[in-house]
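Chemist: Following is a predicted model, sequence given first.
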Amino acid sequence: MNLSYQKRFSLLEAHNFRCIYCKEYIRFKDLEIDHIIPKYLLLKPIEHQKIIKDYGLDENFDIEDYINLLPAHDWCNRTKKRLVFDKGAALYYINIARSTAQKAREIERRILNSLSSDKWLLKIGSAIENNIISKEDLNNLMKHFDSTEKDRYEPIVVSFSINLYHNENQFEDLSSVQVYDFLEKELMNYLNSIIDGKFYYTESSYRNGEVISVRLAFAQLDFEKLEKFSLRNWEIMEVNYYSEIYSDYS
Ligand SMILES: [Zn+2]
């Protein structure tokens with residue numbers, strides 16, 4: 001969501017206002033920008049580098065550039081959110097994006113060149129006066145900017161998991177609940193010692209007798225520190241933007 005407004009619009013116009021998946025017309029308010037190489041990889045430098053290399057992409061390949069962006073309907077994209085394209089599909093879509101990237105850049109330049117505040121205020125005023133745009137449209141527009149503002153502070157959710165099997169014989173004299181509590185507390189203490197910012201549980205931990213899974217949200221996360229994470233057999237299972245896991249974030 002944190003792509004600039006004119007970039008979103010330029011992309012849409014460059015693709016003739018058509019959804020990449022269903023080919024139907026997209027109204028601006030229904031537009032979702034699909035990142036072909038998913039954006040969450042920006043949070044995982046090692047995996048990110050690996051995919052760039054495996055897919056034979058330029059090492060400076062910019063996930064936020066037009067060559068990685070496609071317009072889709074809200075509903076067409078949403079179903080694909082969790083899906084990472086395989087190499088063939090990714091390269092197919094990147095080719096499409098690449099072929100329209102130049103056009104999108106030109107449209108963006110044209111928009112920027114035509115911006116002069118008086119002219120635009122006049123246009124917006126006339127558009128409202130003549131019911132060409134409604135107050136609701138304007139409100140949606142303002143909401144867009146509010147959420148872009150929020151995106152900059154969006155927390156990162158990290159899922160940690162440990163398989164008790166590997167630790168079993170170290171805690172022979174403790175009940176299993178005591179072992180769970182101990183391990184979880186140890187994780188929290190360890191994270192407190194390596195991470196500067198605040199973090200909190202987004203849901204209670206999951207315990208099934210074999211595995212403990214803990215989901216924590218970090219307000220500001222230093223990825224270099226997270227990459228050095230090493231504690232018993234705890235593993236980092238998943239790193240994501242908060243909104244990719246919990247839909248209540250908007
Ligand atoms: Zn569609």
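Modeler: Noted; the coordinates are in hand. Just so you know, these numbers come straight off a predicted model, no measurement behind them.
Chemist: Quick one: name the residues of this structure near the ion.
Modeler: For the chain, the contact set with the ion under Cβ under 5 Å from the ion comprises 19, 21-22, 73, 76. Every residue, glycine included, has its C-beta placed from N, CA and C.
Chemist: Enumerate every residue touching residue 205.
Modeler: The contact partners of residue 205, taken as Cβ atoms under 8 Å, 6 or more residues apart in numbering, are 180, 184, 212-215.
Chemist: tell me the phi and psi of residue 119?
Modeler: With angles defined as degrees, to the nearest 10, residue 119 sits at phi -60, psi -40.
Chemist: Return the distance of it relative to residue 126.
Modeler: According to Cβ to Cβ, to the nearest Å, residue 119 and residue 126 sit 11 Å apart.
Chemist: How far off centre is the one helix or strand residue 184 maps to?
Modeler: Element membership for residue 184 (DSSP states H and E) is helix 176-194. Chain-centre distance of helix 176-194: 29 Å, with Cα atoms, centre = their mean, to the nearest Å.
Chemist: got it, and stretch 98-109?
Modeler: Distance, centroid of stretch 98-109 to centroid of chain: 23 Å (Cα atoms, centre = their mean).
Chemist: what about the helices in this structure?
Modeler: Per DSSP state H, the chain carries helices over the ranges 5-14, 45-54, 74-78, 87-113, 117-129, 135-151, 176-194, 223-227, 242-245.
Chemist: List just the one of those helices that sits closest to residue 164.
Modeler: helix 176-194 (6.9 Å; Cβ to Cβ).
Chemist: Which strands or helices does the closest one pack on?
Modeler: strand 156-163, strand 211-218 (3 or more Cβ pairs under 8 Å, 6 or more residues apart in numbering; DSSP states H and E).
Chemist: can I get those in CSV with mean neighbour count?
Modeler: CSV is the format used below for these (neighbours: other Cβ atoms under 10 Å):
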stretch, mean neighbour count
strand 156-163, 20
strand 211-218, 19
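Chemist: Columns mean pLDDT on top of those strands, output as CSV?
Modeler: Compiled in CSV, the helices and strands packed on helix 176-194 are given as follows (pLDDT from 0 to 100):
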stretch, mean pLDDT
strand 156-163, 90
strand 211-218, 92
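Chemist: on that earlier part again, can you list the buried residues in the helix holding residue 184?
Modeler: Across helix 176-194, burial judged by 16 or more other Cβ atoms under 10 Å covers 179-180, 183-184, 187, 191.
Chemist: Same question for stretch 233-250.
Modeler: So, applying 16+ other Cβ under 10 Å, buried residues of stretch 233-250: 234, 239-241, 243-244, 249.
Chemist: sorry, back to before: can you tell me which of the buried residues of helix 176-194 lies nearest to the ion?
Modeler: Lowest distance from the ion to the buried residues of helix 176-194 (Cβ to the ion) belongs to residue 191, with 41.2 Å.
Chemist: Can you give me the neighbour number for the residue nearest to the closest one when sequence neighbours are not counted?
Modeler: Residue nearest to residue 191 in three dimensions, not counting chain neighbours: residue 199, with 6.5 Å by Cβ to Cβ, 6 or more residues apart in numbering. Residue 199 has 19 neighbouring residues, counting by other Cβ atoms under 10 Å.
Chemist: what residues go with each domain of this structure?
Modeler: Domain ranges of the chain: 5-115, 156-245, per automatic domain parsing.
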